[in-house]
Every structure is written in C-alpha cells, then in structure tokens.
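1. Could you look at this predicted model? Sequence included:
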Amino acid sequence: MFDMIRELGLYLVASPRSRYWQLQQLRELDAEHLADIGLTEAEAQLGRRKVAPVPAREGAVVVPHADAARAGAM
C-alpha cells in the first residue's frame with residue numbers, strides 16, 4: 001500500500017524516479033536510441049523485455065521454498 005502511495009506522489013511531481021515517468025520517456029525514444037540500449041519498439045511499448053525463460057539444468061531438483069526453509073537452506 002505504501003508503495004502505491006509513494007509511486008503516485010512521485011508521478012504527480014514528475015520525479016525521474018517514477019516508474020510511469022520512466023516508461024513514458026522510454027516510449028518517446030526513437031528506434032536508434034532504443035537499439036543503443038538493446039530494446040525493440042515493441043518492448044518499449046510493452047514496458048518490459050521479452051526474455052526467454054532460463055532453461056533448467058539437467059539433474060537439478062526443484063525444492064519448494066517452504067521445504068528449503070524447513071531444511072535450513074535459507
């Protein structure tokens with residue numbers, strides 16, 4: 001809840017730390033500038049990168065967070 005209020009305040013004062021302000025500035029960049037930072041126009045409009053999921057390692061065992069915590073791994 002606090003994060004939402006904080007973001008609203010940052011947006012209203014046009015702070016460069018506002019995510020919405022940053023996204024607006026990103027969308028206004030031309031294709032050349034987007035290429036410089038490694039983004040496509042579609043990714044800029046979407047607001048996030050299209051990243052392929054990280055492939056799982058062979059033999060890796062997925063342990064649920066609760067089980068790992070009980071085992072003392074965290």
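-> Yes, it's here.
2. what pLDDT does the residue nearest to residue 47 when sequence neighbours are not counted get?
-> Distance criterion CB to CB, 6 or more residues apart in numbering; nearest residue to residue 47, sequence neighbours excluded, is residue 23 at 5.2 Å. (C-beta placed from N, C-alpha, C; glycine too.) Here the pLDDT value assigned to residue 23 is 87.
3. do residue 27 as well
-> pLDDT recorded at residue 27 is 90.
4. what do you get for residue 65?
-> Per-residue pLDDT puts residue 65 at 65.
5. which SSE is the residue nearest to residue 47 in?
-> In the assignment (DSSP states H and E), residue 23 maps to helix 19-27.
6. other SSEs contacting that helix?
-> Secondary-structure packing of helix 19-27 (3 or more CB pairs under 8 Å, 6 or more residues apart in numbering; DSSP states H and E): helix 2-12, helix 41-46.
7. Quick one: residues in contact with it.
-> Residues from elsewhere that reach helix 19-27 (CB atoms under 8 Å, 6 or more residues apart in numbering): 7, 10-11, 14-16, 39, 44-45, 47.
8. could you redo these as JSON lines and give each row neighbour count?
-> Below are those laid out as JSON lines (neighbours: other CB atoms under 10 Å):
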{"residue": "7", "neighbour count": "16"}
{"residue": "10", "neighbour count": "17"}
{"residue": "11", "neighbour count": "15"}
{"residue": "14", "neighbour count": "10"}
{"residue": "15", "neighbour count": "13"}
{"residue": "16", "neighbour count": "8"}
{"residue": "39", "neighbour count": "19"}
{"residue": "44", "neighbour count": "20"}
{"residue": "45", "neighbour count": "11"}
{"residue": "47", "neighbour count": "12"}
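9. for the residues you listed, which one is nearest residue 29?
-> Nearest to residue 29 among the contacts of helix 19-27: residue 44, at 6.7 Å, using CB to CB.
10. Understood, closing this out.
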